[in-house]
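Student: sequence? don't have it. structure:
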């Protein structure tokens, strides 16, 4: 009614032109939307980003000590997706830049022409994002089949943080000694694989007899990732 | 036109309502009738309010003839609606000309001047400026679009092989990066508005565009490294206040690190392309 609209106008209720994409404030009681489209709201994923800077730094430090095996318990209540996503992204950037730099130095040392290979970025993106997305998913399904269920987000969290150790390893691999690079790749791969394996072993030892196979499988898979990385990024054909 | 009001209306609102009704009646009768408001006329207004994102632009049209004069034709311009009462916020309706019929050059000039003013506010942050929130209110997406496309083009020109792939990767990286950075802040519980943040991140790209142009013109590696480092630091410094104020202080580093990462990767792309 025209009366009501003028009253609202007087009270200063104006659709602000800034309110283009307003999301509910955190902590506000939004009624739970039912159905499949809830997956596409930001609010559905906020609980997985509920970490502070100090939490993320602590978890990163934990991933550097693979023999403790208690990462899963510590993050059971609050698994986060911030760490995995940004560690992967950083890894892509570091891998692409170090790979580029290595080929650049190799070509310049032999006085050969060098061109930037943009495929490094796209391939390393595919490799890392693919690994951190698909392997935990498959593992989740396998674990469910063997009735030792683990939360999917926890697996993402575990795998994401396990890749952190590759960042310093890649930085160290700039040194042009072939044997040194293999050693660095081996150590990093071993640390990362042990981290994942021990944490999973603690979790699934209780259920099923096939746990050893599963644990050994993921250990080898992580090691294979390290080897593939080394071969793809640091094989320089001049 | 008197209303038997159960609730008394504001003085100016009542006169405004009366004006609208009288004008509607006048146009219905479709004849040159005199328009006599029942109450004393409100102060003369400039012209039609049109909602646009810059509500404070001066009108180009001549002021409408005073409404109280008799023997005047009803103006053929659509009836001016009442201005908002003084309690309105800054983004309310204001006296804005009809932007559909203005010359194209006026529109382009207005958008360009908005881009330039936003650029000055975002990239040259001045702690003593009078209105720190102005860049946030007047956000637009033209500026970021031009900068991203131009940066992609500059990189593509500099590349000697695979030019179109370079452009595609640069464009995708920047566009997706801006969206992801905004989502990151929202997920961490920060308070920003999606398109404002896209706009700001796009404007903060301007120093890197300058760096890319420098690298395109001169091919010396040392010069490239220096130019890119300086412009990278400038971009990060420009983006810092907006991002850090949007989140909880305990999570500031979590919100700022991805911004830094994106600018460093773009800077690296600029150096590496030769």
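Tutor: Alright, I've got the coordinates. It should be emphasised that the depicted structure is a prediction, and the values quoted were computed from it without experimental measurement. Numbering: from 1, shown residues only, chains lettered A, B, ... in the order given.
Student: Excluding chain neighbours, give the residue nearest to residue 205 in space.
Tutor: Here I'm looking at chain A. residue A:211 (5.5 Å; C-beta to C-beta, 6 or more residues apart in numbering or on different chains). From N, CA and C alone the C-beta is placed, and that goes for glycine too.
Student: wait, I meant chain B there
Tutor: residue B:147 (4.8 Å).
Student: is it true that the one you found touches residue B:207?
Tutor: No. Counting by C-beta atoms under 8 Å, residue B:147 sits too far from residue B:207 to count as a contact (10.0 Å).
Student: Against residue B:116, how distant is residue A:137?
Tutor: As judged by C-beta to C-beta, to the nearest Å, residue A:137 and residue B:116 stand 49 Å apart.
Student: before we move on, what about residue B:168?
Tutor: Per C-beta to C-beta, residue B:168 is found 29 Å from residue B:116.
Student: helix or strand right after the helix or strand bottoming out on mean pLDDT in chain B?
Tutor: Lowest by mean pLDDT, DSSP states H and E among the helices and strands of chain B is helix B:134-137, with a mean of 68. Going down the chain from helix B:134-137, the next helix or strand is helix B:142-158, by DSSP states H and E.
Student: Mind giving me the packing neighbours of that next one?
Tutor: helix B:104-123, helix B:163-187, helix B:194-203, helix B:206-217, helix B:252-272 (3 or more C-beta pairs under 8 Å, 6 or more residues apart in numbering or on different chains; DSSP states H and E).
Student: hmm, who's touching the shortest one?
Tutor: Translated: helix B:194-203. With contacts defined as C-beta atoms under 8 Å, 6 or more residues apart in numbering or on different chains, helix B:194-203 is touched by A:18, A:20-21, B:118-119, B:122-123, B:135-136, B:139-141, B:143-145, B:147-148, B:177-179, B:181-182, B:185-186, B:238-239, B:242, B:246, B:259.
Student: how big is the angle separating that helix from helix B:104-123?
Tutor: Per axes from the mean of the first three to the mean of the last three C-alpha atoms, to 10 degrees, the angle that helix B:194-203 makes with helix B:104-123 is 80 degrees.
Student: where are the low-confidence patches of chain B?
Tutor: The model of chain B has pLDDT under 70 over residues B:1-13, B:29-97, B:125-136.
Student: so how many other residues sit close to whichever residue of it sits closest to chain A?
Tutor: As assessed by C-beta to the nearest C-beta, chain A sits closest to residue B:194 within chain B, at 3.6 Å. Other residues lying near residue B:194 total 17 when counted by other C-beta atoms under 10 Å in any protein chain shown.
Student: Please, which helix or strand holds the most centrally placed residue in chain A?
Tutor: Centroid-nearest residue in chain A: residue A:84, 2.6 Å away (criterion: C-alpha atoms, centre = their mean). Using DSSP H and E, residue A:84 sits in helix A:82-109.
Student: How about residue A:158?
Tutor: Using DSSP H and E, residue A:158 sits in helix A:152-162.
Student: which helices and strands sit right next to that helix?
Tutor: Counting contacts by 3+ C-beta pairs under 8 Å, 6+ apart, helix A:152-162 is packed against helix A:53-63, helix A:71-74, helix A:82-109, helix A:119-145, helix A:178-204.
Student: sorry, back to before: quick one, which of residue B:168 and residue B:116 is more surrounded?
Tutor: residue B:168 (15 against 11).
Student: if we can go back for a sec, write the ChimeraX selection for whichever of the contacts of helix B:194-203 are buried.
Tutor: The buried subset of these, as determined by 16 or more other C-beta atoms under 10 Å in any protein chain shown, is captured in ChimeraX by this line:
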select /A:18 /B:118,119,122,123,135,136,139,140,143,144,147,148,177,178,181,182,185,186,238,239,242,246,259
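Student: Which residue is the nearest non-sequential neighbour of residue B:213?
Tutor: Per C-beta to C-beta, 6+ apart, closest to residue B:213 is residue B:154, 5.8 Å.
Student: what sits against the residue nearest to residue A:116 when sequence neighbours are not counted?
Tutor: Nearest in space to residue A:116, with sequence neighbours left out and distances taken as C-beta to C-beta, 6+ apart, is residue B:272 at 4.9 Å. Residue B:272 makes contact with A:97, A:100, A:104, A:116, according to C-beta under 8 Å, 6+ apart.
Student: Just put those in a markdown table and tack on pLDDT and neighbour count.
Tutor: Shown next, in a markdown table, are those (pLDDT from 0 to 100; neighbours: other C-beta atoms under 10 Å in any protein chain shown):
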| residue | pLDDT | neighbour count |
| --- | --- | --- |
| A:97 | 88 | 21 |
| A:100 | 86 | 21 |
| A:104 | 84 | 17 |
| A:116 | 76 | 21 |
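Student: Pick the one among those closest to residue A:40.
Tutor: Among the contacts of residue B:272, residue A:97 lies closest to residue A:40 (C-beta to C-beta), at 33.4 Å.
Student: Pull the number of nearby residues for residue A:131.
Tutor: 17.
Student: Equivalent analysis for residue B:251, please.
Tutor: 24.
Student: now it: how far from residue B:239?
Tutor: Distance, residue B:251 to residue B:239, by C-beta to C-beta: 16 Å.
Student: so how far is residue B:171 from residue B:144?
Tutor: Distance from residue B:144 to residue B:171, counting by C-beta to C-beta: 12 Å.
Student: Residue A:125 now?
Tutor: 15 Å.
Student: And residue A:62, by the same measure?
Tutor: Separation of residue A:62 from residue B:171 (C-beta to C-beta): 38 Å.
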